[in-house]
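Student: Fold the following for me, if possible:
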Amino acid sequence: MNKADLEADYMLNCKRTIWLAENVEDALLERITAQMYYLRASSTEPIHLYVRSDGGDSRTGMALVNMIRWDGNIHGWLIGDTASSAATIWAACAKRYVFANVRMGIHPVTWQENMSKYDGAKLTKLTEEFTKIDERQCAIYTAASNKDFAWWWERYNQAGDVKWLDAQELISIGMAQPAQEGMK
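Tutor: Have a look, this model is predicted:
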């Protein structure tokens, strides 16, 4: 992404807004990081990250978490159902807001490739790496809420696919404020 691309979206730049509405992958990391640097160069006011994504690559998501934490003044807005690494990215924001009809989905990291092509040692290493990512994601959720790590770890590892927390639950566990409060 070059300066001309960033300047072309004048209205979003004026509102200090970034959209995360696609799969979390390296191109997204590059785009959002460039937007953050561009917006931060012009002001210390908060940057608003609007999120509605099914997630994507967890390692890429953790890199974006690092950038959000490094900036320290990103306000996350959950505008639609968001899961996986996108939920972790939103949880890393300095302030978090939710609209009434949204849900945040969490699940352990999964490998999308055919596991049969890996030997036992490689599978063990991948499992250990994924467990470390799972632990870091639960730590981010813990820091963003009034629930401890054990609560998140248990919820994260419940049987089934994605575990959903609706807007009311996110508010009740201290993870978010209603969107109306952030619009004042």
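Student: mind checking how far Q35 is from K132?
Tutor: 29 Å (C-beta to C-beta, to the nearest Å). C-beta coordinates here come from the backbone N, C-alpha and C atoms, glycine included.
Student: More neighbours: which of the two?
Tutor: Set Q35 next to K132 and count neighbours by other C-beta atoms under 10 Å: Q35 wins out with 22 against 11.
Student: Confirm the more buried one sits in a strand?
Tutor: No. The assignment for Q35 (DSSP: H, G, I helix; E, B strand; the rest coil) gives helix, which keeps it out of a strand.
Student: next one: stretch 128-136 to chain centre, how far?
Tutor: Mean-position distance between stretch 128-136 and its chain equals 16 Å (C-alpha atoms, centre = their mean, to the nearest Å).
Student: Next: stretch 96-115.
Tutor: On C-alpha atoms, centre = their mean, the centre of stretch 96-115 falls 9 Å from that of its chain.
Student: Also stretch 171-184?
Tutor: The answer for stretch 171-184 is 17 Å, by C-alpha atoms, centre = their mean.
Student: got the CA coordinates for it in PDB?
Tutor: Only the C-alpha atoms of stretch 171-184 are listed here, as PDB (Å, rounded to 0.1, in the frame of the first residue of the first chain):
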ATOM      1  CA  ILE A 171     -20.400  -6.300  28.200                       C
ATOM      2  CA  SER A 172     -21.200  -8.300  31.400                       C
ATOM      3  CA  ILE A 173     -17.600  -9.700  31.600                       C
ATOM      4  CA  GLY A 174     -16.100  -6.200  31.200                       C
ATOM      5  CA  MET A 175     -14.700  -6.900  27.800                       C
ATOM      6  CA  ALA A 176     -16.700  -4.200  26.000                       C
ATOM      7  CA  GLN A 177     -18.900  -1.200  26.300                       C
ATOM      8  CA  PRO A 178     -22.100  -0.700  24.300                       C
ATOM      9  CA  ALA A 179     -21.300   1.100  21.000                       C
ATOM     10  CA  GLN A 180     -23.500   4.000  22.000                       C
ATOM     11  CA  GLU A 181     -21.200   4.900  24.800                       C
ATOM     12  CA  GLY A 182     -18.200   5.200  22.400                       C
ATOM     13  CA  MET A 183     -20.200   7.500  20.100                       C
ATOM     14  CA  LYS A 184     -20.600  10.300  22.600                       C
END
